[in-house]
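Enquirer: Pasting the sequence and the predicted coordinates here, then a few questions.
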Amino acid sequence: MFRFFYDLILTIISPFILVRLYIRGFRAPSYRKRVTERFGFFRFPSNFQHHKPTIWIHAVSVGEVLATESLINQLEQLYPDCQIFVTTMTPTGSNQVQRLFSGRVFHSYLPYDFTLALTFFIRRMNPKLLIIMETELWPNLINVTSSLGVKLILANARLSEKSATGYATFRSVTRRMLAKIDFIGAQSESDARRLVELGAKEKSIAVTGSLKYHINTRTEYEENVSLFNELKISERSIVVAASTRAGEEEKLLVTIKSVLDELPTVLFIVVPRHPERFGTVYSKYEKSGLNCQLRSSNRKLTDDVQVLIGDSLGEMHSYYAVSELAFVGGSLVDTGCHNILEPAALSLPVLVGPSQYNFAEICGQLEKAGGLLTVRDENELAEKVIDLLKDNPRRARMGSASKKEILANQNALPRLIEIIRDEMSSPD
C-alpha cells in the first residue's frame, strides 16, 4: 500500500519536479540537459553489451564519485570481463565521472524514484550487482533492484544522528528497505549501530571504515595550466577556502579582511560549492572592496589580486596543491562540513567550523592526530589563519599529521572488496 501511494505522490508532483529542474537550469544550465535520463530514458551507447556482466555503482555527487575512484580501479583489475556503470544525481557529479573515468565506465543520471522508470532502466542495464555509496536510500530503487534479482551492497555507509531521526519517522519503510540490502559496509561503529537500530540485519553489516581515505595523495598540480604554475612559484602565501556555502561567504569575508589587515600579501582562493553561485560570490566580494579575479578569466594573476574565485570544475586538487593551508566549507553554516580528506591527503593543515556532522568522526580523528583545528566562528578562523601563516614549523607538523592519518586509515577498500567478492560469487 505504501508503494502505491508513494508512486502516486511522485506522479502528482512530477510536473513540479520538471519546473524545479527548469528553474535550477537558469543558474546551472546543466540541470536542463539530459532530463529524459531522470525518467529512465537513457540511450545506451553501442558499445554497451546488455548481456555482459555489469557492476552498477550509484554515487550521488562529487564527494561520492571521488570515493569510488580506488574502488573502480580495483574492480577493473578483479573483473576485467565486467562492465561498470556509474549513476549520479548532480551535474557536478556527472562531470567528475567524466573527468576521472572518461571512456572507462558508462554513465547516466539515476532515474527519479518511480517504479516504472527504474524498472525500465534497470531491466535494460541488467546489472549483476548494485553498490550504493554512503546512504542514498530510495524505497523504489531498493525494491525494484531486489525484485529483479540484483545483489545490493550499501558501501561506505554513514548515518548521522540527524539522518537517523529522519529515517526513524518512517521506521517500517526503512526497516523493509534495509532488510533487502544484501550487505552493508559501515564507516564506523556508530553508523553501524544506528543502521541496526533502524532495522539492518546484524549478520549482514560490518564496519569497514571510510573509502574516502582512499583518495589520490599525489601532490602535483596541473603543470600544463599557466595559472597553477604562476601560483606555485609565487612567493605569496595562499589560503584556499573550499566548498563554501550560501551564508558562509559573508562570514568568510570577515575572515579575509582581518587576515589581509595583518598580512596584506596573502592570496585567498575561494571555491563555492555550487557552480550556479560563482558569479554571485564574485560580485559580493568585489562590492565589498576586495580586488577579485575569476579563475575563468584566464588573466595573469597580478600581485594586487586578493581573492581568486575558483569558478572551474575538476581543479579542486590543483587549488589545494598550490596552497599552504585549507579551510573546508559547509562548517561555518549548519550544513555539516564537506570533505576534509583531500586537503589532508596533500599534507595541508585543515581548518573547519563547528558544523561537522557529515564528517564528525573523521574530523575528530584528524583533530586528535593534530592535523585539523576546529574554529568557533569567522573571527577565530582569522586568528588561526594568521597564526599558522606566521608559524612554518607548526604548519609542517600539522600537514605531516594530516597525511599520516590518511595513510593509516586506508583499510576500507580491501574489506569492501572482500564483501563484493562474496556477493559476486554467491548464487542469485
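Expert: Alright, I've got the coordinates.
Enquirer: L416 touches M133, doesn't it?
Expert: No. With contact defined as Cβ atoms under 8 Å, L416 does not reach M133; the gap is 10.6 Å. Every residue, glycine included, has its C-beta placed from N, CA and C.
Enquirer: The residue nearest the centre of the chain in helix, strand or coil?
Expert: By Cα atoms, centre = their mean, the chain has its centre lying nearest to G63, at 1.4 Å. At G63 the chain is in helix, as set by DSSP: H, G, I helix; E, B strand; the rest coil.
Enquirer: Equivalent analysis for S14, please.
Expert: Going by three-state DSSP: S14 is helix.
Enquirer: Tell me the spacing between it and R38.
Expert: 10 Å (Cβ to Cβ, to the nearest Å).
Enquirer: mind giving me the domain split of the chain?
Expert: What automatic domain parsing lists as the domains of the chain is 21-212+410-425, 226-408.
Enquirer: gap between the last one and the chain center?
Expert: Computed by Cα atoms, centre = their mean, to the nearest Å, the chain-centroid distance of domain 226-408 equals 17 Å.
Enquirer: How about stretch 145-162?
Expert: The mean C-alpha position of stretch 145-162 is separated from the chain mean by 17 Å, Cα atoms, centre = their mean.
Enquirer: Restricting to C-alpha, output that stretch in PDB.
Expert: Extracted C-alpha coordinates of stretch 145-162, given in PDB (Å, rounded to 0.1, in the frame of the first residue of the first chain):
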ATOM      1  CA  THR A 145      16.600  -3.700  -7.700                       C
ATOM      2  CA  SER A 146      15.900  -6.500  -5.200                       C
ATOM      3  CA  SER A 147      12.800  -7.800  -7.100                       C
ATOM      4  CA  LEU A 148      14.800  -8.100 -10.300                       C
ATOM      5  CA  GLY A 149      17.400 -10.300  -8.500                       C
ATOM      6  CA  VAL A 150      20.200  -7.800  -8.400                       C
ATOM      7  CA  LYS A 151      22.600  -8.100  -5.500                       C
ATOM      8  CA  LEU A 152      22.700  -4.900  -3.400                       C
ATOM      9  CA  ILE A 153      25.600  -3.600  -1.300                       C
ATOM     10  CA  LEU A 154      25.400  -0.300   0.700                       C
ATOM     11  CA  ALA A 155      29.100   0.800   0.800                       C
ATOM     12  CA  ASN A 156      30.800   3.500   2.800                       C
ATOM     13  CA  ALA A 157      27.500   3.800   4.700                       C
ATOM     14  CA  ARG A 158      27.200   6.600   7.200                       C
ATOM     15  CA  LEU A 159      24.200   7.700   9.200                       C
ATOM     16  CA  SER A 160      24.300  10.800  11.400                       C
ATOM     17  CA  GLU A 161      22.000  11.100  14.400                       C
ATOM     18  CA  LYS A 162      20.100  13.800  12.500                       C
END
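Enquirer: For the stretch 301-428 of the chain, which segments count as strands?
Expert: With DSSP state E, counting those that start in this stretch as the criterion, the stretch 301-428 of the chain has strands at 307-309, 325-328, 350-352, 372-374.
Enquirer: and what of the stretch 51-200 of the chain?
Expert: With DSSP E, counting those that start in this stretch, the ranges of strands along the stretch 51-200 of the chain come out as 54-58, 83-88, 106-109, 129-133, 151-157, 183-186.
Enquirer: so which of those strands gets nearest D391?
Expert: strand 151-157 (35.3 Å; Cβ to Cβ).
Enquirer: what's that closest one packed up against?
Expert: helix 62-78, strand 129-133, helix 139-147, strand 183-186, helix 412-425 (3 or more Cβ pairs under 8 Å, 6 or more residues apart in numbering; DSSP states H and E).
Enquirer: and it, which strands flank it?
Expert: strand 129-133 (parallel), strand 183-186 (parallel) (DSSP bridges).
Enquirer: Quick one: those strands as JSON lines, columns for mean pLDDT too.
Expert: JSON lines is the format used below for the strands paired with strand 151-157 (pLDDT from 0 to 100):
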{"stretch": "strand 129-133", "mean pLDDT": "97"}
{"stretch": "strand 183-186", "mean pLDDT": "95"}
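Enquirer: Just send the strands of the stretch 301-428 of the chain back as CSV, with distance to N47 too.
Expert: Formatted as CSV, these follow (distance: least, Cβ to Cβ, whole Å):
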stretch, distance to N47
strand 307-309, 39
strand 325-328, 39
strand 350-352, 42
strand 372-374, 44
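Enquirer: Could you dump these into CSV with distance to K284, mean neighbour count and mean pLDDT added?
Expert: Formatted as CSV, the strands of the stretch 301-428 of the chain follow (distance: least, Cβ to Cβ, whole Å; neighbours: other Cβ atoms under 10 Å; pLDDT from 0 to 100):
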stretch, distance to K284, mean neighbour count, mean pLDDT
strand 307-309, 10, 24, 97
strand 325-328, 17, 26, 98
strand 350-352, 21, 25, 98
strand 372-374, 26, 22, 98
